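Peer 1: Structure for the following, please:
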Amino acid sequence: MSVSDITNRDPVTLSPTDTVGKAAGLLVEHHVLALPVVDASGKLLGTFGIGDLARVLLPLSVTRAQWLEGLGDLDFIADSLEQLRERMERVQDDPVRKHLDRDRRYPLDPDSSFTEVLFLLHRDGQDVPVLERKTGRLMGMISPWDVVAKLG
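Peer 2: Numbers count the residues shown, from 1 in each chain. You can find the predicted model right below:
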């Protein structure tokens, strides 16, 4: 089985100027873990997903410490739902391009193997884009749900 057998060829996409608020609404509405962000030509610029949303809602001190040295126990931070809502209000009008992970690589193309799909789902924990190899144009997305559905 190849990637083309399980690719959603008509995924919901974001433009780089779409807002974090719009992205959050689409993630919930479409029950996906990540949305591709594409330019006017359809080239993938990155993805914005649940993990990205969580990152922008965490206190900056936590995200910096996590990458620098790691944190194990975060019980010392007692955020309330209201505090998270306030953080969401501060970032909801930000364009998603401001929060893209530009270091993530997307090696899947329609001829990639099913094993590669499984590895990326395992590694990244989110929906995986499928790209036209030469142009970087988005061909579709694969979600964990697509894989489970194929397994029967």
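
Peer 1: Check which helices and strands whichever strand or helix holds residue 149 is in contact with.
Peer 2: According to DSSP states H and E, residue 149 maps onto helix 144-151. Helix 144-151 is packed against helix 114-124, with contacts defined by 3 or more C-beta pairs under 8 Å, 6 or more residues apart in numbering; DSSP states H and E. Quick note: C-beta positions are derived from backbone N, CA and C, even for glycine.

Peer 1: so what pLDDT did residue 75 get?
Peer 2: pLDDT, residue 75: 60.

Peer 1: From here on, call the first residue 525.
Peer 2: Noted, 525 is the first residue going forward, which turns the last one into residue 599.

Peer 1: need the next SSE after the helix or strand bottoming out on mean pLDDT in the chain, C-terminal direction.
Peer 2: Across the helices and strands of the chain, the lowest-confidence element by mean pLDDT, DSSP states H and E is helix 584-592, at a mean of 58. Beyond helix 584-592 in the direction of the C-terminus, DSSP H and E gives the next helix or strand as helix 605-615.

Peer 1: Any buried residues in stretch 607-614, and which?
Peer 2: Residues of stretch 607-614 include none that count as buried (16 or more other C-beta atoms under 10 Å).

Peer 1: cool, stretch 628-646 as well?
Peer 2: Using 16+ other C-beta under 10 Å as the test for burial, stretch 628-646 gives 630, 632-634, 636, 641, 644-645.
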